[in-house]
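S.K.: my questions are about this predicted structure, shown below with the sequence.
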Amino acid sequence: MSGLLKRTGRTGLAGIVLLWATVSAVAMTRPAYAEHHRNELEMTARESFAAGRYDEALEAFAKLYAETLHPAYLRNIGRCRQKMRQPQQAIDAFQDYLAKTKSGKDKISPDERAEIEGYIAEMEALRVEQEHAAAPVPVAPVTPLPRPPPAPPPPAVHQPAVTLARTAPPPREAADHPFYTRWWFWGIVGVVAAGAVVGAAVATGGTTRPTCPTGVVCE
């Protein structure tokens, strides 16, 4: 040491002392700074959880667990996952918490263990519910309706046979003799003539004067 002091002199000795003091100060303030940082981060995480910002709280608690590896932060991580309705992640965090606090200095009480087991049961029920909701709804096969039998053909309508009536030919006598050679024709002519004569008599006063011969004056 005396040789070092002789070589460096008073100036070198002062520098060494200053460097030693600086290193000591840094070593002493580093744990205090880390403790202050964790306190601020934990306060931020708890405020975010209380305000319902579970994603921010989850991020802060995850950083705290990574820095300290304290199992209490696993419980907080599980609670954030529980509030975010992420059942499997919550179950994993709670189970890790129970495993790390089963014995030793971090052992938890039976009441707290029962509480965490209740959280796990709740998340398992939520997981089953979500799986059922996500499962596709089975579609029942569509059975085609039976086709109706074809309608029977309409009954055949039997029309009666049409028989054409044949007109009897006129008697041969009527076909051979003209009508003006028949007796009944001249009978009609006579009646008509007689009617004409009677009509003329009525028109002349009912007396009929004979026709006078030529050259004779008739009274």
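M.R.: Received, thanks. Numbers count the residues shown, from 1 in each chain.
S.K.: rounded mean pLDDT for whichever helix or strand residue 48 is part of, please.
M.R.: Residue 48 belongs to helix 2-50 when assigned by DSSP states H and E. What helix 2-50 shows for mean pLDDT is 66.
S.K.: what do you get for stretch 108-123?
M.R.: 96.
S.K.: mind listing what's buried along it?
M.R.: 108, 116, 119-120, 123 (16 or more other CB atoms under 10 Å). No exception for glycine: its C-beta is placed from N, CA and C like everyone else's.
S.K.: do the same with stretch 66-86
M.R.: Applying 16+ other CB under 10 Å to stretch 66-86 flags 71-82, 86 as buried.
S.K.: now swap in stretch 43-56 and tell me
M.R.: Result for stretch 43-56 [16+ other CB under 10 Å]: buried residues 44-45, 48-49, 54, 56.
S.K.: in a markdown table, list those along with distance to residue 188.
M.R.: Below are the buried residues of stretch 43-56 laid out as a markdown table (distance: CB to CB, whole Å):
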| residue | distance to residue 188 |
| --- | --- |
| 44 | 144 |
| 45 | 143 |
| 48 | 138 |
| 49 | 138 |
| 54 | 133 |
| 56 | 137 |
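S.K.: closest to residue 145 among the residues you listed?
M.R.: Proximity of those to residue 145, judged by CB to CB, is greatest for residue 54, which lies at 54.0 Å.
S.K.: who's in contact with the closest one?
M.R.: 48, 80, 83-84 (CB atoms under 8 Å, 6 or more residues apart in numbering).
S.K.: can you tell me the SS state at residue 143?
M.R.: Look at residue 143: counting by DSSP: H, G, I helix; E, B strand; the rest coil, its state is coil.
S.K.: just the pLDDT for it.
M.R.: 75.
S.K.: still on that earlier bit, restricted to helices, list the contacts of residue 54.
M.R.: With helices taken from DSSP state H, the overlap with the contacts of residue 54 comprises 48, 80, 83.
S.K.: how far away is the last one from residue 190?
M.R.: When you say that, I think you mean residue 83. To residue 190, residue 83 is 139 Å away according to CB to CB, to the nearest Å.
S.K.: now the contacts of residue 54 as a markdown table including distance to residue 139?
M.R.: Listed next are the contacts of residue 54 as a markdown table, based on distance: CB to CB, whole Å:
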| residue | distance to residue 139 |
| --- | --- |
| 48 | 45 |
| 80 | 39 |
| 83 | 36 |
| 84 | 33 |
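S.K.: closest one of those to residue 97?
M.R.: Nearest to residue 97 among the contacts of residue 54, with distances taken as CB to CB, is residue 80, at 12.6 Å.
S.K.: tell me how far the closest one lies from residue 112.
M.R.: Counting by CB to CB, the gap from residue 80 to residue 112 is 18 Å.
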